[in-house]
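S.K.: everything below, folded, please.
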Amino acid sequence: MSAPSSSLPLFDDRVLADPYPSYGGLRGSGAAVLLEEYGVWAIPRHADIAAILKNPDVFASEGG
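M.R.: Numbering: from 1, shown residues only. Sure, this is the predicted structure:
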């Protein structure tokens with residue numbers, strides 16, 4: 001099974017004008033979604049973000 005990914009252009013004028021449908025699509029994709037265009041991971045669900053922020057020893061962007 002592969003991780004969910006998205007080709008969503010976050011900075012497209014249409015997305016910027018009304019981002020909420022796009023955000024909903026990301027939330028429906030999974031707990032962590034690879035944003036292909038930017039090569040970064042998005043954590044689109046509030047509960048998941050809160051859990052990550054409470055556990056910095058496990059979740060860190062340093063060291064690759």
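S.K.: what about the residue lying closest to I43 once chain neighbours are set aside, distance to L34?
M.R.: Computed as CB to CB, 6 or more residues apart in numbering, the closest residue to I43 that is not its neighbour in sequence is I49, at 5.2 Å. C-beta coordinates here come from the backbone N, C-alpha and C atoms, glycine included. Distance, I49 to L34, using CB to CB, to the nearest Å: 16 Å.
S.K.: who's more crowded, these two?
M.R.: L34 (18 against 13; other CB atoms under 10 Å).
S.K.: what pairs with the helix or strand containing that one, and is each one parallel or antiparallel?
M.R.: Secondary-structure assignment from DSSP states H and E places L34 in strand 33-35. Looking at strand 33-35 with DSSP bridges, its partner strands are strand 5-6 (parallel), strand 40-42 (antiparallel).
S.K.: now do the contacts for the spatially most central residue of the chain.
M.R.: When the chain is reduced to its mean C-alpha position, the closest residue under CA atoms, centre = their mean turns out to be A42, at 1.7 Å. The neighbours of A42, taking CB atoms under 8 Å, 6 or more residues apart in numbering as the test, are 6, 26, 32-35.
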